[in-house]
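Asker: build the 3D model from these lines:
(2 chains, ligands or ions: 1)
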Amino acid sequence: MEPVEPPDLSGGGDPLWRVAEVDFGGVRQAVSLACLPQARVGDQVLVHVGLALSIVAEDEP
Amino acid sequence: MSTTVPAADTRYARSAEAVERLAAQLAATATRPWTLMEVCGGQTHAIVRWGLDQLLPEGIRLIHGPGCPVCVTPAATLDAALALARQPEVILCSYGDMLRVPGSRSGDDLLGVRAAGGDVRLLTSPLQAIALAQAHPDRLVVFLAVGFETTAPATALLVRQATALGLVNLALLPAHVRVVPAMEAILSGPDNQVQGFLAAGHVGAVMGTAELQGLVQRQGVPVVISGFEPVELMAGILRCVQLLEAGESAVANAYGRVVQEGGNPEAQQLIEAVFEVVDQPWRGLGVIPAGGLALRPAYAALEARHHRPQLLEQPQPAAAQEPQQSQEPHNLPVCISGQILRGVRRPCDCPAFGSSCTPEHPLGAPMVSSEGACAAYHRYRPN
Ligand code: SF4
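Answerer: Okay, here's the model as predicted:
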């Protein structure tokens, strides 16, 4: 649902500048991955004020 | 402030059937009255919106906590922001909710300054301030940085990025607050009624459970980290009542989908590197020991008062002159936001609610913010 695009490497791999594109129900926005280096394409992530904070597990009803 | 968490299956998370099942389980569990507080304003909105409080068995009461960063930002900080925004060379930016919060003078807000020609802009992320500063090298971009531990990592990242870029025209008016000291202050209050907490899941996503463990050990109350959907909230309430009935004070995580026990170590490191813990005045609540975060001395050059000392004389704009002793530090005598934020009274108990105080003409911050209890009641339960 919220694919994380391959990291933009313009920051030279410095975690300070690591960003990904996140799909918010159809609207894509750049989000910082500074705090979530382990995020991979296809992960669902919790995003707060432009920063990804946690990988969200699938819900099991 | 916007948080986006993908609800993997909203049909389940909002299923009336699942909520009713949990409510029935709750009714079977509770043998006596219990009073719980949901700390976070986002949870308050969900509870009022879905009417969850009305589904609870007799005697189980939810009271609404102070988890609304906009509501607790000191009037002195807003006054500083208003003074800065009036400077022609300043671009003042913050989250949308901050624009309509009055400073210490009634009706004086950032929206009004903007209408009078001030350059006030809305951001959805602190990181947008970088591009703004780069695009306007001849202006001073000031970011009014409010929020709990969920928001602090993004502000810290802004500080690190601005420092790395050597941006000299970017400054912060920081008013970050810490949630656990506020929970502790509520429990220690003379009029405290709280026997158990629902803790905010998003703060948990950053901080994990460690700080809450300390609180539970010191205060002997159960704390359940909960999500924001109806099923998640009802599951959190049920877990908390189970702990209360068993006489157990412990931290339980009812939001494991999002919250890891250790939280987010990178985010914690960012906060730790950029901020130090300080005593902080909370609007309506007075000074809370260790209740806030200030920039470390290494980042003093990013403080707005470093750029405009004449305008911001207070040694600590964020920790400045909030009257501390009075029960109602609000200057507007009619607003009982202090009692609302401590959960002692409800929005409908306020004589101004819905009459002289409305979202269009707010007298206090809890009527402005998307996380404020008064705004929640006005929107979902106006009568
Ligand atoms: S209704 Fe308005 S005046 Fe009353 S407590 Fe809420 S914000 Fe303050």
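
Asker: how about the nearest residue to whichever residue of chain A sits closest to chain B, chain neighbours excluded?
Answerer: Residue of chain A nearest chain B, by Cβ to the nearest Cβ: A:G50 (2.5 Å). Bear in mind the C-beta positions are built from the backbone N, C-alpha and C, glycine included. The spatially closest residue to A:G50, leaving aside those adjacent along the chain, is B:S125, at 2.5 Å (Cβ to Cβ, 6 or more residues apart in numbering or on different chains).

Asker: then B:G220?
Answerer: B:S249 (4.5 Å).

Asker: and that neighbour, what pLDDT?
Answerer: With respect to pLDDT, B:S249 has a value of 95.

Asker: neighbours around B:T77, how many?
Answerer: Burial of B:T77 is recorded as 29 neighbouring residues (other Cβ atoms under 10 Å in any protein chain shown).

Asker: now it: how far from B:A365?
Answerer: For B:T77, the distance to B:A365 equals 12 Å [Cβ to Cβ, to the nearest Å].

Asker: equivalent analysis for B:L22, please.
Answerer: Going from B:L22 to B:A365 by Cβ to Cβ gives 32 Å.

Asker: neighbour count: those two, which is higher?
Answerer: Taking other Cβ under 10 Å, B:L22 and B:A365 do not tie; B:A365 has more neighbours (31 against 22).

Asker: for chain B, which strand is longest?
Answerer: Using DSSP state E, we find that the single longest strand of chain B is strand B:286-295.

Asker: that strand - which strands sit beside it in the sheet, and in what orientation?
Answerer: strand B:170-177 (antiparallel), strand B:275-282 (antiparallel) (DSSP bridges).

Asker: what score does B:A8 have for pLDDT?
Answerer: Note on B:A8: pLDDT of 50.

Asker: grab the nearest non-local neighbour of B:G236.
Answerer: Per Cβ to Cβ, 6+ apart, closest to B:G236 is B:S226, 3.0 Å.

Asker: and the one you found, its phi and psi?
Answerer: Note on B:S226: its backbone torsions stand at phi -130, psi 160 [degrees, to the nearest 10].

Asker: likewise for B:G343?
Answerer: Here is the backbone geometry of B:G343 (degrees, to the nearest 10): phi 80, psi 10.

Asker: any idea how many residues pack against it?
Answerer: B:G343, neighbours per other Cβ under 10 Å, totals 26.

Asker: which stretches of the chain have low pLDDT?
Answerer: No chain was given, so I picked chain A. Residue ranges of chain A with pLDDT under 70: A:1-13, A:59-61.

Asker: meant chain B actually
Answerer: The model of chain B has pLDDT under 70 over residues B:1-10, B:313-333.

Asker: ok, longest helix in it?
Answerer: The longest helix of chain B (DSSP state H) is helix B:230-245.

Asker: roughly how far does B:S337 sit from the ligand?
Answerer: Separation of B:S337 from the ligand (Cβ to the nearest ligand atom, to the nearest Å): 5 Å.

Asker: run through the residues that contact B:M37.
Answerer: By Cβ atoms under 8 Å, 6 or more residues apart in numbering or on different chains, the residues touching B:M37 are B:L62, B:I63, B:H64, B:G65, B:I186, B:V194, B:G196, B:F197, B:L198, B:G343.

Asker: against the ligand, how distant is the fourth one?
Answerer: In other words, B:G65. Counting by Cβ to the nearest ligand atom, the gap from B:G65 to the ligand is 15 Å.

Asker: state the number of residues packed around that residue.
Answerer: Residues contacting B:G65 under the criterion other Cβ under 10 Å number 28.

Asker: check contacts around it.
Answerer: Shown in contact with B:G65 (Cβ under 8 Å, 6+ apart): B:M37, B:E38, B:V39, B:C40, B:G41, B:T44, B:A182, B:M183, B:I186, B:F197, B:L341, B:G343.

Asker: might you report the residue contacts of the fourth one?
Answerer: Going back to what we said before, that points to B:C40. Contacts for B:C40 (Cβ under 8 Å, 6+ apart) come out as B:G65, B:G67, B:L198, B:A199, B:A200, B:G201, B:H202, B:V203, B:E371.

Asker: so what's it bridging to?
Answerer: Beta-bridge pairing for B:C40 (DSSP bridges): B:G67.

Asker: same list (the strands paired with strand B:286-295) but as a markdown table, adding mean neighbour count.
Answerer: Shown next, in a markdown table, are these (neighbours: other Cβ atoms under 10 Å in any protein chain shown):
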| stretch | mean neighbour count |
| --- | --- |
| strand B:170-177 | 26 |
| strand B:275-282 | 20 |
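
Asker: centre of the chain to stretch B:59-71, how far?
Answerer: Remark: stretch B:59-71 is offset 10 Å from the chain centroid, using Cα atoms, centre = their mean, to the nearest Å.

Asker: show me what counts as buried in stretch B:206-213.
Answerer: Neighbour counts over stretch B:206-213 (16 or more other Cβ atoms under 10 Å in any protein chain shown) mark B:V206, B:M207, B:G208, B:T209, B:E211, B:L212 as buried.

Asker: my error: substitute stretch B:23-33 in the last question.
Answerer: By neighbour count on 16+ other Cβ under 10 Å, the buried set for stretch B:23-33 is B:A23, B:L26, B:T29, B:A30.

Asker: CA atoms only for it - export them in PDB, please.
Answerer: Extracted as PDB, the C-alpha positions of stretch B:23-33 are listed here (Å, rounded to 0.1, in the frame of the first residue of the first chain):
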ATOM      1  CA  ALA B  23     -17.200  -3.900  24.800                       C
ATOM      2  CA  ALA B  24     -19.000  -7.100  25.900                       C
ATOM      3  CA  GLN B  25     -15.700  -8.600  27.100                       C
ATOM      4  CA  LEU B  26     -15.000  -5.400  29.000                       C
ATOM      5  CA  ALA B  27     -18.400  -5.500  30.700                       C
ATOM      6  CA  ALA B  28     -17.600  -9.100  31.700                       C
ATOM      7  CA  THR B  29     -14.200  -8.100  33.100                       C
ATOM      8  CA  ALA B  30     -15.000  -5.000  35.100                       C
ATOM      9  CA  THR B  31     -16.200  -5.600  38.600                       C
ATOM     10  CA  ARG B  32     -15.900  -2.100  39.900                       C
ATOM     11  CA  PRO B  33     -15.500   1.500  38.600                       C
END
